[in-house]
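Peer 1: Structure for this input, please:
(chains A and B)
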Amino acid sequence: MIRYAGKRLLSLVLSLIAASIVIFAVIEVIPGDPASFMLGVNARADTLEALRDQMGLNDPLHVRYFNWVTGMLTGDFGTSWTYKTPVVDLVNDRIWVSLPLAVYALILSTLIAFPAGIIAASRRGGPADMSIMGATQLGVAIPNFWFAMILVLIFAINLRWFSAGGFPGWDNPALAIKSLTLPAIALALPQAAILARVMRSSLLDTLGEDYIRTARAKGLTRRQALWRHAVRNALIPVLTIIGLQFSFLLAGGIIIEQVFFLPGLGRLIFQSISGRDLIVVESVVMLLVFVVIVVNFAVDIAYGAVDPRLRSKS
Amino acid sequence: MTLLSIKNLTLAIGDTEILHDVDLSMQAGEIAAITGESGSGKSMTALSVMGLLPTGSKTTGRIMLDDTDILDVTEKHLCTLRGNVMGMVFQEPMTALNPVQTIGAQVAETILIHEGTTKAQAHARAADMLRKVGLDMSPNRYPHELSGGQRQRVVIAMAIALRPKLLIADEPTTALDVTTQATILDLLRDLVREFEMGLLIITHDLAVVANIADQIIVMQNGRVVESGATQTLLRNMQHPYTKALFDASRHRVDLPPKIAGDPLLNVKDVARDYPMPRTTVFGKRPKFRALDAITFQIEQGERVGLVGESGCGKSTLTHAILGLEDVQRGQITLAGSPVFTDNRPNLSVRRRMQVVFQDPYSSFNPRHKVRRLISEPWHLLPTPPADADASITRALREVGLQAGDADKYIHEFSGGQRQRIAIARALIVEPDLIIFDEAVSALDVSVRAQVLDLIADLCRKRRLAYLFISHDLTVVRGVTDRVLVMKAGQIVEQGDSEQVFTAPTHPYTKTLLAAAPRLPELDKV
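Peer 2: As a prediction, the model looks like this:
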């Protein structure tokens, strides 16, 4: 297991290096000079040149890449050109909205999907299976922003249980969690629908395996065979989807952040891209990539914990 | 004392009746074998006894295990019987174990769910049981670390952990090599004697049946057609189906004598390596040598057999001969031209070889008509033949099918007919060499006999050279002039078929022949 984890860790570091090179290169080839964008169209050529010099835009590529990476490693993400504040502070304000929101949504989605998938699979073709599959069909089809608006309409405007948007900060954790609840539900439900379907089909595949029949021949009841032998084996594809979903929830929450007026990372990226604030884009994208790679690492470790075959292959 | 008695068992799944009035009875400590071809209802009879029939099954009749009527008790009651009073071993050991649990835990589970012992006690007893079935290894191993034969031992340990009165084994050795098969059968026999269990063994292999069973039950189309004590039944078969079954198993092909010709295939000092996973992060990948110093020739019109156990390199050799993969050393030539040049198969050579695979069910595209399926090899020719329809008809007739079959789809044919179509596909380009890769292994004995006769018949009509690969020694003996015995990537013995089979020189060949179950000669019984 330690060997397996070590190999995964190595691949994590290599992926990060590769990702940073790609992100840097992509930002380099995007048209639009940040310096001329900041100074406007009527800027004088020598002012522009001075600014470019000051921003380090005239340094050779590899020097700028090196500065960028070492900066990030020491916690210096550079300074935003439009906000004139360190990128670290910008990100710091927002990651504590986006990250808890993504985790919250993922927990909700798993809590809904696991029981739903297991019930549907164990009662295949029955009324429970039919209704769960029908519900997931809806969950996959409905766009989450529409769902978010319905939630606001019911729980914020009519019932007044939650606020319709905004984020009060973490000074009062209970209040913070409460304000993240509706957005988390809106984000979680479509994901839960997908996850429940994956859980169901994976479990059905597993229930058809020979070792389930062996288990039944040992005297296990249908239920015991399901819980002791099928569920763990069915987890591998489910873990893959969970890993993918987390990445999506973290970076892809932008629409939900707009609907609920949440100061999250999605909004920050959107604003930075439209403002050509490339240093922010570069750093936030790198940060997201970092989180995604770390999550994938965690998923890999989880595979290893679930399946002894993966441990010994390495 | 009667242990198991089945009376008038009828089973229907949906509207299809699978078993009709099955009667069977066996004593405690007896080995009873149910035999018959695929679809005869052997396995369904076994699953009925275990109460593990597919959902939607309807049964009538009685299955008395001691004083309990299996068909009459609740599912809850059945769960207390399964694994405790009756255990079952299945055909496919590779998939019968849960891959994420240790073997010890899986054996201990049988003990834990039936007896109120502690976990530690159950694990200790499981370890004992694993030793009992001849597995001298830590119970903390996982199934994927074990070979097929070892896994089957684990399954057996699970089934007998509580010393059940009845053990059911459904084709327990069909997926195993002959030498492994022999040890597993010995193990089962010893356990039955020691534990005084009844063993109900299901197998299509009549040689196994004749060697192990006290009583034989022959089934056909869901009915018991004949049953009786082994010696009596072998000596005095009543039912025509039983006779046909034994005749087919004993069937000797009438192979016309070889007409010697020029050398055709020349395999010279061939080695094939497969890279294995790295052991260190940046280290070189170690190599596994799948073929080593393989040298042999096939002449025109010569029929050569290749035998060996799983993993010995038979498939690798086939791939190399067909030019599907390059080799690391040595050379393979067909009539002087190499099969693989410049990193790709040599097409002009490739069209002179055809192959017939093992599985008649998955080796055809189900969406194509037979016409297209068998004319596929024409893609190898520079120009397709002018009289395409006539060639297709000729090829179909040659393998005993009708011209009209060209416009059918593959699902309309039985396994044996499909294998005939596969042979027609191979013949259509008039190849110099055909490779039969376990081509009759998936077929029932009677169908197998017919297909082997067809091959002999084709040898009479044309000068056919082939490489016949099989794990079944008797089959190879009947249809080949010369045989190669392979072990661990090397040819350990080669020579005239009759001679190798009657007077083997290499110890491995001797082991193989000794392990292969043989039908007793009827007049000597």
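
Peer 1: So which residues on the stretch 101-250 of chain A come close to chain B?
Peer 2: A:209-211, A:213-221, A:224, A:228-229, A:232-233 (C-beta under 8 Å from any C-beta of the partner chain). Bear in mind the C-beta positions are built from the backbone N, C-alpha and C, glycine included.

Peer 1: what about 6 Å?
Peer 2: Residues of the stretch 101-250 of chain A lying near chain B by C-beta under 6 Å from any C-beta of the partner chain: A:210-211, A:214, A:216-219, A:221, A:229, A:232-233.

Peer 1: I'd like these as a markdown table, with neighbour count and secondary structure appended.
Peer 2: Formatted as a markdown table, those follow (neighbours: other C-beta atoms under 10 Å in any protein chain shown; DSSP: H, G, I helix; E, B strand; the rest coil):
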| residue | neighbour count | secondary structure |
| --- | --- | --- |
| A:Asp210 | 17 | helix |
| A:Tyr211 | 23 | helix |
| A:Thr214 | 26 | helix |
| A:Arg216 | 22 | helix |
| A:Ala217 | 27 | helix |
| A:Lys218 | 28 | coil |
| A:Gly219 | 24 | coil |
| A:Thr221 | 16 | coil |
| A:His229 | 27 | helix |
| A:Arg232 | 17 | helix |
| A:Asn233 | 21 | helix |
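
Peer 1: For A:Met133, give its distance to A:Ala193.
Peer 2: In this view, A:Met133 and A:Ala193 are 10 Å apart by C-beta to C-beta, to the nearest Å.

Peer 1: Looking at these two, which has the bigger crowd around it?
Peer 2: A:Ala193 (24 against 16; other C-beta atoms under 10 Å in any protein chain shown).

Peer 1: Pipe the residues of the stretch 101-250 of chain A next to chain B into CSV and attach pLDDT per row.
Peer 2: Shown next, in CSV, are these (pLDDT from 0 to 100):
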residue, pLDDT
A:Asp210, 91
A:Tyr211, 93
A:Thr214, 92
A:Arg216, 93
A:Ala217, 93
A:Lys218, 92
A:Gly219, 91
A:Thr221, 91
A:His229, 92
A:Arg232, 88
A:Asn233, 90
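
Peer 1: Relative to B:Met219, which of these is nearest.
Peer 2: A:Ala217 (21.2 Å; C-beta to C-beta).

Peer 1: Not counting its neighbours along the chain, what's nearest the closest one?
Peer 2: B:Met88 (4.1 Å; C-beta to C-beta, 6 or more residues apart in numbering or on different chains).

Peer 1: Please name every helix or strand in contact with whichever strand or helix holds the one you found.
Peer 2: In the assignment (DSSP states H and E), B:Met88 maps to strand B:86-89. With contacts defined as 3 or more C-beta pairs under 6 Å, 6 or more residues apart in numbering or on different chains; DSSP states H and E, the secondary structure elements packing on strand B:86-89 are helix B:148-160, strand B:166-170.

Peer 1: could you point out which element follows it?
Peer 2: Taking DSSP H and E, what comes next after strand B:86-89 is helix B:103-114.

Peer 1: Give me the contacts around that next one.
Peer 2: With C-beta atoms under 6 Å, 6 or more residues apart in numbering or on different chains as the test, helix B:103-114 has contacts from A:218-219, B:83-84, B:122-123, B:125-126, B:129, B:139, B:141, B:154, B:157-158, B:161-162.

Peer 1: Taking those, tell me the two that lie furthest apart.
Peer 2: Applying C-beta to C-beta across these, the maximum distance is between B:Asn84 and B:Arg141, 25.5 Å.

Peer 1: Same drill for those two, tell me which one is more crowded.
Peer 2: Comparing B:Asn84 with B:Arg141 by other C-beta under 10 Å, the one with more neighbours is B:Asn84, at 20 against 17.

Peer 1: need the contact list for the more buried one.
Peer 2: A:219, B:114, B:162 are the contacts of B:Asn84 under C-beta under 6 Å, 6+ apart.

Peer 1: any residues touching the helix or strand bottoming out on mean pLDDT in chain B, and which ones?
Peer 2: Ranked by mean pLDDT, DSSP states H and E, the weakest helix or strand in chain B is strand B:344-345, scoring a mean of 82. Contact with strand B:344-345 is made by B:Gly323, as judged by C-beta under 6 Å, 6+ apart.

Peer 1: what's whichever residue of the stretch 151-300 of chain A sits closest to chain B sitting at in phi/psi?
Peer 2: Across the stretch 151-300 of chain A, the shortest distance to chain B (C-beta to the nearest C-beta) belongs to A:Gly219, at 3.4 Å. The phi and psi values for A:Gly219, taken as degrees, to the nearest 10, are phi 110, psi 10.
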